[in-house]
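Asks: Have a look at this prediction, sequence included:
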Protein chains: 2
Amino acid sequence: MKNSSMRISYPSSQKIYVKGKMHDISVGMRQVSLLDTVSVESGVEKREKNLPVVIYDTSGAYSDGNLAIDTGKGLPRLREPWVERRGDTEALPSFSSAYCRKRLADASLDAVRFPLVNLPRRASQGKNITQMYYAQQGVITPEMEYVAIRENVRNEALGISSHITPEFVRSEVAAGRAVIPANINHPEAEPMIIGANFLVKINTNIGSSALSSGIDEEVKKAVWSCKWGGDTLMDLSTGDNIHETREWIIRNMPVPVGTVPVYQALEKVNGKIADLCWEVYRDTLVEQCEQGVDYFTIHAGLLRAHLPLVRRRTTGIVSRGGSIIAGWMAQRGEENFFYTRFGEICKILQQYDVAVSLGDGLRPGSIRDANDDAQLAELAVLGELTKTAWEHHVQVLIEGPGHVPMHKIKANMDEQLSRCHGAPFYTLGPLTTDVAPGYDHITSAIGAAQIAWYGTAMICYVTPKEHLGLPGAEDVRAGVIAYKIAAHAADLAKGHPGAQVRDDALSKARFDFRWRDQINLSLDPERALEYYTAGRTGDESDHCTMCGPHFCAMKLTKEACNFAQPELKN
Amino acid sequence: MKNSSMRISYPSSQKIYVKGKMHDISVGMRQVSLLDTVSVESGVEKREKNLPVVIYDTSGAYSDGNLAIDTGKGLPRLREPWVERRGDTEALPSFSSAYCRKRLADASLDAVRFPLVNLPRRASQGKNITQMYYAQQGVITPEMEYVAIRENVRNEALGISSHITPEFVRSEVAAGRAVIPANINHPEAEPMIIGANFLVKINTNIGSSALSSGIDEEVKKAVWSCKWGGDTLMDLSTGDNIHETREWIIRNMPVPVGTVPVYQALEKVNGKIADLCWEVYRDTLVEQCEQGVDYFTIHAGLLRAHLPLVRRRTTGIVSRGGSIIAGWMAQRGEENFFYTRFGEICKILQQYDVAVSLGDGLRPGSIRDANDDAQLAELAVLGELTKTAWEHHVQVLIEGPGHVPMHKIKANMDEQLSRCHGAPFYTLGPLTTDVAPGYDHITSAIGAAQIAWYGTAMICYVTPKEHLGLPGAEDVRAGVIAYKIAAHAADLAKGHPGAQVRDDALSKARFDFRWRDQINLSLDPERALEYYTAGRTGDESDHCTMCGPHFCAMKLTKEACNFAQPELKN
């Protein structure tokens, strides 16, 4: 892999850092410079400065030209000193997972292995180290101040008042209404927060399957997702070498990484569901906790009693993890061990501050199955498990659907809020119709925008390939952008402080015929430039490419309403 | 133009016709045949028939292999006998528009002219011939029965109860809550209805501009739009030969065609706005009425008093027609003549049953301008004009925004309903954020789905090229499909009778691993097949291409929940 190819750049942008006031932290942001507005009034040229626009940035060190990028070494370990300074964790002499040690000792894996070994940390005996625990003790961690600065972008500088202070972050995390996924073994990740009172976040899924792709390709896809604005990344790999693939990804990811550990556990028992057992699963959790996975999807709410409800459905169980545990319960005649062992699971997660994302194994896979008994029965169990996790100060996300027609979306949000005690909701879409395979990034962006407006904290992207195949790089881009749109539309509708600054700046650039600024401020400047360039026929400094010079509405407006005239030679 | 290239075909589909009960009419629909569901229970193969799915069809004769297609002759003149039978119109000996006669006499235009001359019809002296008038007299026209059958697809055959009877159609048209755009001079168009109590419709815009494209290309784009599901088509041409281009389009369009007549009127005065006058505009209306345009966008609600309100805006006036009339008012110091002459305009339109679509010249062009004083002031005038049009039994649509954040969309719908007396709302999007040029089919599909759910009757598509350039064929396809998704999502949310049949059939096919059926039932079977084929690695008869055989949720579900097993050799 060429490290130089991993660099991320955005047009007319520079990386800026905002310092903390409580802690020694620097929060990276992207600043887009704008041209002046130039107009002519009574024959006199008038220039008006346009303030640069600062944008929430998920691209980490990749977009900082002053930092070296070497994927074989991984990203800077930003949070390592913060964790060490707290003094409540210990560096372990080796990995606790037997499987992990076996892989490390296997010389045949040298070729695919990440070159460096970072030994793991764990909570010291008797210590609680989760962000939720600290928050409940009244402690504002560097992570909390970091996200408070990050969420506000430059609101303070712009004079926009915001309720999002470090103390507010602390109180939301303490109450369980927000999660900062921050495994102490993933110090490369920049802190971010998932909660209804913050910017809506988007998750992207990548991962090799038995049918695809190599480690290089997965790492590239992961960085590519960060380039377009992915806030977290789930590695759903199911093929060979998933331990090694994950190590490469985590070491190079500036955003939190999630997994569904049962996928790997099932690989370890050669795909034989009946052979899944607590011992293998437990070792997999420890393995992944010590690698630095920030949150685990665990399908602990799907119980034996729910299986008969599934038979009434059009599309049964469409969650992979859900179907695995359903198969296990059916074959073994036993209750879901994620449920029966949930307390033990929490005891592991709390030692690394791994958040649990309670999987919705019974999410509806079709419009017909939306909001049915099966889905709601599982949701009630997720509420119960939320309480258990919180008793261990483990941070909790609740996963949600799926396929839901628009008129049933609000009920999903309301049910989740009432049953799950305000824990952040994290939904896949939802898709608002089943009839558009090939375009499910759109069917689902419609639903995602709505449910995010109603209060969902994070939306998991869907790519155009959903239902048909595995996404390639261009599908990842299409999915991320569709979800950035949905998330931003929700931020506007929720009135997130400062969210509209970017819209206003872009629209002003449009009205001013500052094409370059319009393009540079867009979610995908490369695509916008490509379309603009293809349509360009000459001088469009005082009209747009769509209507030509004689029919330009914005040009005519300026004449009709006595706006200052744009400078034609701009 | 090769006529054979205009043929439209859909996989595993045949054209069927449903006969009327009151009138001698045949309503074309598309029937998709499905495979059997094949499963094995206790070693015995079980087969279950799947009913074919019938789909609302906008492709007209192009998808009927039994009908000849010759674009030089135009489509069959379906409604001609219906109009003649009513006996309240007369065939004119020549065209009434001076401009039209001049063009016809100009031999230099022979090369671009449509080969046949269809002389126009007009209402006989003293006769009222609009669908609204008939409806108010208690008459159920063939057009009304046609749309009643069409809206129901095959609900009766499926035992789905529906309130949409011919009498219901009549009552909605009589009340002005629905419009059947049906110029007597466009008998090629298949009747369709636009109203909140019917299927949500989508409009596509095409048209050459000074910067683009030939007649062939525009006709192909128009048919292409019908292929993907466009319900009406606006020809927004502003270049050369727009009279001739329009003739080609109308003669070959199975869907209603709309225009913005002021574009052509402005061409006739060489783009000099101050030279626009009632005489030129009047002649343009007559010219287009006699060609067969089914509805006109007229920006009659933008008054002089509104111009000062525009100065407060971020993006001024973004409607082309609105900016033209604003420019005219500013330059002439006179009131909008579309407004002052509105009664005369209605007297022309009623003679051909051309509907008026009251343009929103002050629609917001940015999030910041949404729902502002300017927009709402114009909307109030549109309500007043609605009453005037209805006095002439002229059918009315009300155009709406534009750029609106999600939390302000509902207010748009509510304001429109209360101010415009229930006339159908017809919106452009709205776009829910300004920050995604290149993806505005998505930013706007999010808003369009919502406003259609709230009651908007027709949504005007936006393509990925919006704000950046003119759409090509692939952009038209992307725009139409995005809007078919939004419209269908709204139909589901509104509980339109039978809307969910297609979702259910597609999802059942998905669960059965009937790949071919899933693809054939999708909105864009060609794209779905392309994605599926690219990801295909072998035998996917009992699992899907995304997860591979060992991780297929739907396969595992069948095992876990004792569904009948799918036949692996299907």
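Replies: Received the coordinates, thanks. Source: prediction; values computed, not measured.
Asks: show me where the stretch 101-250 of chain A has helices.
Replies: Remark: helices assigned in the stretch 101-250 of chain A by DSSP state H, counting those that start in this stretch are A:131-136, A:142-152, A:155-158, A:166-174, A:215-228, A:242-251.
Asks: possible to save those as TSV with mean neighbour count and mean pLDDT?
Replies: From N, CA and C alone the C-beta is placed, and that goes for glycine too. Below are the helices of the stretch 101-250 of chain A laid out as TSV (neighbours: other CB atoms under 10 Å in any protein chain shown; pLDDT from 0 to 100):
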stretch	mean neighbour count	mean pLDDT
helix A:131-136	23	98
helix A:142-152	25	98
helix A:155-158	14	90
helix A:166-174	21	98
helix A:215-228	22	92
helix A:242-251	24	95
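Asks: okay if I get those as CSV plus distance to chain B?
Replies: Putting those into CSV (distance: least, CB to the nearest CB, whole Å) gives the following:
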stretch, distance to chain B
helix A:131-136, 30
helix A:142-152, 18
helix A:155-158, 15
helix A:166-174, 22
helix A:215-228, 11
helix A:242-251, 12
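Asks: Nearest to B:Val44 among these would be which one?
Replies: helix A:242-251 (39.8 Å; CB to CB).
Asks: Name the residues that touch that closest one?
Replies: The contact list for helix A:242-251 (CB atoms under 8 Å, 6 or more residues apart in numbering or on different chains) reads A:71, A:73-75, A:99-100, A:103, A:109, A:112-114, A:116, A:118, A:186, A:188, A:208, A:215, A:218-219, A:222, A:233, A:235, A:237, A:257, A:259, A:263-264, A:267, A:287-288, A:291-293.
Asks: got a list of contacts for whatever helix or strand comes next after it?
Replies: Downstream of helix A:242-251, the first helix or strand assigned by DSSP states H and E is strand A:257-259. By CB under 8 Å, 6+ apart, the residues outside strand A:257-259 that reach it are A:181, A:186, A:189, A:203, A:232-236, A:246, A:249-250, A:288, A:292-297, A:357.
Asks: I'd like to know how many residues surround A:Ala105.
Replies: For A:Ala105, the neighbour count with other CB atoms under 10 Å in any protein chain shown is 8.
Asks: scratch that, A:Ser237
Replies: Using other CB under 10 Å, the number of residues around A:Ser237 comes to 27.
Asks: quick one: it and A:Asn205 touch, right?
Replies: No. The pair A:Ser237 / A:Asn205 is not scored as a contact, 10.2 Å apart, by CB atoms under 8 Å.
Asks: Phi, psi for A:Gly271 please.
Replies: For A:Gly271, the backbone dihedrals (degrees, to the nearest 10) come out as phi 80, psi 0.
Asks: Leaving out the residues flanking it, which one is nearest to the residue in the stretch 351-500 of chain A positioned nearest to chain B?
Replies: Nearest residue of the stretch 351-500 of chain A to chain B: A:Gly469, at 2.3 Å (CB to the nearest CB). Spatially, and ignoring its direct neighbours in sequence, A:Gly469 is nearest to B:Gly535 (2.3 Å; CB to CB, 6 or more residues apart in numbering or on different chains).
Asks: The one you found - how many residues pack around it?
Replies: 19.
Asks: confidence score at it?
Replies: Reading off the confidence values, B:Gly535 has pLDDT 77.
Asks: What's the separation between it and A:Pro437?
Replies: 12 Å (CB to CB, to the nearest Å).
Asks: shared neighbours, these two?
Replies: Taking CB under 8 Å, 6+ apart as the criterion, B:Gly535 and A:Pro437 both touch A:Leu468.
Asks: got any ranges where the stretch 401-550 of chain A has weak pLDDT?
Replies: Along the stretch 401-550 of chain A, the model assigns pLDDT under 70 to residues A:537-550.
Asks: which stretches of it form helices?
Replies: A:409-419, A:440-454, A:473-494, A:500-511, A:515-520, A:525-535.
Asks: and the shortest one, which residues are buried?
Replies: By neighbour count, with 16 or more other CB atoms under 10 Å in any protein chain shown as the criterion, the buried positions of helix A:515-520 are A:515, A:517-520.
Asks: Would you check how far apart A:Ser9 and A:Pro525 are?
Replies: Using CB to CB, A:Ser9 is found at 10 Å from A:Pro525.
Asks: Please identify which of the two sits among more neighbours.
Replies: A:Pro525 (20 against 11).
Asks: Cross-check the contact I'm expecting between that one and A:Arg516.
Replies: No. Counting by CB under 8 Å, A:Pro525 does not reach A:Arg516; the two are 9.5 Å apart.
Asks: Now do the shared contacts for those two.
Replies: With CB under 8 Å, 6+ apart, A:Pro525 and A:Arg516 have common neighbours A:Pro11.
Asks: Minimum distance to chain B, which residue of the stretch 1-150 of chain A gives it?
Replies: For the stretch 1-150 of chain A, CB to the nearest CB, closest residue to chain B: A:Ile55, 9.6 Å.
Asks: So what sits opposite that residue in the bridge?
Replies: Here A:Ile55 sits in beta bridges with A:Arg30, going by DSSP bridges.
Asks: What are the boundaries of the strands in the stretch 51-200 of chain A?
Replies: Taking DSSP state E, counting those that start in this stretch to define them, one finds strands in the stretch 51-200 of chain A at A:53-55, A:89-91, A:121-123, A:178-179, A:194-195.
Asks: which of those sits most buried?
Replies: Across the strands of the stretch 51-200 of chain A, averaging neighbours per residue (mean count of other CB atoms under 10 Å in any protein chain shown) puts strand A:178-179 on top, at a mean of 30.
Asks: just checking, what packs against that one?
Replies: helix A:166-174, strand A:194-195 (3 or more CB pairs under 8 Å, 6 or more residues apart in numbering or on different chains; DSSP states H and E).
Asks: what separates it from the chain centre, distance-wise?
Replies: Relative to the mean C-alpha coordinate of its chain, strand A:178-179 is positioned 13 Å out (CA atoms, centre = their mean, to the nearest Å).
Asks: what's the closest non-adjacent residue to A:Ser171?
Replies: Nearest non-adjacent residue to A:Ser171, counting by CB to CB, 6+ apart: A:Ala135, 7.3 Å away.
Asks: which ones are touching that neighbour?
Replies: Contacts for A:Ala135 (CB under 8 Å, 6+ apart) come out as A:141, A:144, A:170-171, A:173-174.
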